[in-house]
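Engineer: Below is the sequence, then the predicted model.
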Amino acid sequence: MEIPTIDLSMENRTELSKQVVKACEEFGIFKVVNHNVSREVISRIEEEGTEFFAKSNSEKQQAKPFGYGCKNIGTNGDVGELEYLLFPTNPQFISESSKSISNHPNKFSGAINNYIKGAKGVACKILDLVVEGLGVQDKFALSKLIKDVESDSLLRINHYPPSMTTDSEMDPCATGNTNNTIGFGEHSDPQILTIMRFNDVAGLQATTHDGIWFTVPPDPHNFYVIVGDALQVFSNERFTSVRHRVLITDSLKARTSIMYFGAPSLNCLITPLPEMVKPPQNPSRYKPFTWEDYKKAMYSCRLGDSRLDPFKVHND
Ligand SMILES: C=C1C[C@]23C[C@@]1(O)CC[C@H]2[C@@]12CCC[C@@](C)(C(=O)O1)[C@H]2[C@@H]3C(=O)O
Ligand SMILES: O=C(O)CCC(=O)C(=O)O
Ligand SMILES: [Fe+2]
């Protein structure tokens, strides 16, 4: 199973947009290289993450109101063998919360904001290529949604501790992983698309359209792009969001991943792009809903649920 790799420096834009559409259709996950985000930007956020997760449990708990979580994923009883920081990508929020997360807040917020800028740039480039490859007239129909100042995009830094290295009596977050522990359960990402990068520890798996799990190989200097639920709707199911999970099999080194979830504003209407709908052969497969409606539905669901089902039109 070879995940497509797309070279963003390719000069032939028509060919590039074709490759992006094909990868979204066939896999829903692909790698991008020559993305223009410097190694320094990536290593700085990685260092800040490592420094934060190495703090004592009581220090990390102080960051709970600012996005720190341990094991609990969402609010409906889902758990994983990880710790994380999850926050909105809005620079004001990041600079305020940095004071409670780091001992050097300016350096911390600088590293986070620079990474967000880079990941958002990659997301916009991919979305412009998607729109072009799909023949949509409004050239910025999707990138403008995540460029919106009110965009609900998120950044998540995940840390999967190595196994057998921490004493669970001293640290309630110690996991004592054994091989093949579920680090992060099966799910699709709800947003438009996710730009992710992880260190050299394997663990991420995704499914093919036939439901066969395959491993996503580590490539710490490059990004993987994941099609989210909202893009499934915008493309009227020409693309489907990819289900993925993390299985922890490495017992010596922590796994870290950094996810940029590109989302529209709360009041944005999530509905197929006009060019994706051609009744009677290809009617809209979704009732229009706002991102706010979808967020409400998603927070009332479990991680692995198919959250789009209630929004589907049954055309038969
Ligand atoms: C169980 C949940 C966690 C989640 C919100 C949800 O109710 C369902 C979707 C989950 C997910 C998966 C991708 C990343 C994430 C941040 C997101 O937007 O949706 C998480 C949410 C979370 O961790 O809070
Ligand atoms: O850690 C990973 O590689 C994936 C995590 C993930 O899927 C998520 O945070 O939504
Ligand atoms: Fe995910």
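Structural biologist: Looks like it arrived, so ask away. Ligands and ions are numbered 1, 2, ... in the order given.

Engineer: In the chain, mark out all the helices, start to finish.
Structural biologist: Listed in chain order, the helices found in the chain under DSSP state H are 13-26, 39-53, 57-61, 91-101, 105-133, 143-147, 229-234, 291-299.

Engineer: now for the ones you listed, which one comes closest to ligand 1?
Structural biologist: Counting by CB to the nearest ligand atom, ligand 1 lies closest to helix 291-299 out of these; the figure is 4.6 Å. Where C-beta positions appear, they are placed from N, C-alpha and C, glycine not excepted.

Engineer: Please name every helix or strand in contact with the closest one.
Structural biologist: Packing partners of helix 291-299 (3 or more CB pairs under 8 Å, 6 or more residues apart in numbering; DSSP states H and E): helix 229-234.

Engineer: rewinding a little: Throw the helices of the chain into TSV and include distance to residue 223 and mean pLDDT, thanks.
Structural biologist: Formatted as TSV, the entries for the helices of the chain read as follows, by distance: least, CB to CB, whole Å; pLDDT from 0 to 100:
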stretch	distance to residue 223	mean pLDDT
helix 13-26	13	98
helix 39-53	9	97
helix 57-61	27	95
helix 91-101	20	93
helix 105-133	6	98
helix 143-147	15	98
helix 229-234	16	98
helix 291-299	23	96
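
Engineer: Can you say which of those is packed in most?
Structural biologist: Mean neighbour counts were compared across these using mean count of other CB atoms under 10 Å; the top stretch is helix 229-234, at a mean of 25.

Engineer: Pull the contacting residues for the residue nearest to residue 145 when sequence neighbours are not counted.
Structural biologist: Nearest non-adjacent residue to residue 145, counting by CB to CB, 6 or more residues apart in numbering: residue 264, 3.9 Å away. For residue 264, the contact set (CB atoms under 8 Å, 6 or more residues apart in numbering) comprises 145, 146, 148, 151, 152, 192, 230, 270, 291.

Engineer: In contact with the residue nearest to residue 52 when sequence neighbours are not counted, which residues?
Structural biologist: Distance criterion CB to CB, 6+ apart; nearest residue to residue 52, sequence neighbours excluded, is residue 101 at 6.2 Å. Shown in contact with residue 101 (CB under 8 Å, 6+ apart): 52, 63, 66, 67, 68, 85, 108.

Engineer: same thing but 10 Å
Structural biologist: For residue 101, the contact set (CB atoms under 10 Å, 6 or more residues apart in numbering) comprises 48, 51-52, 55, 59-60, 62-63, 66-68, 85, 87, 94, 108-109, 112.
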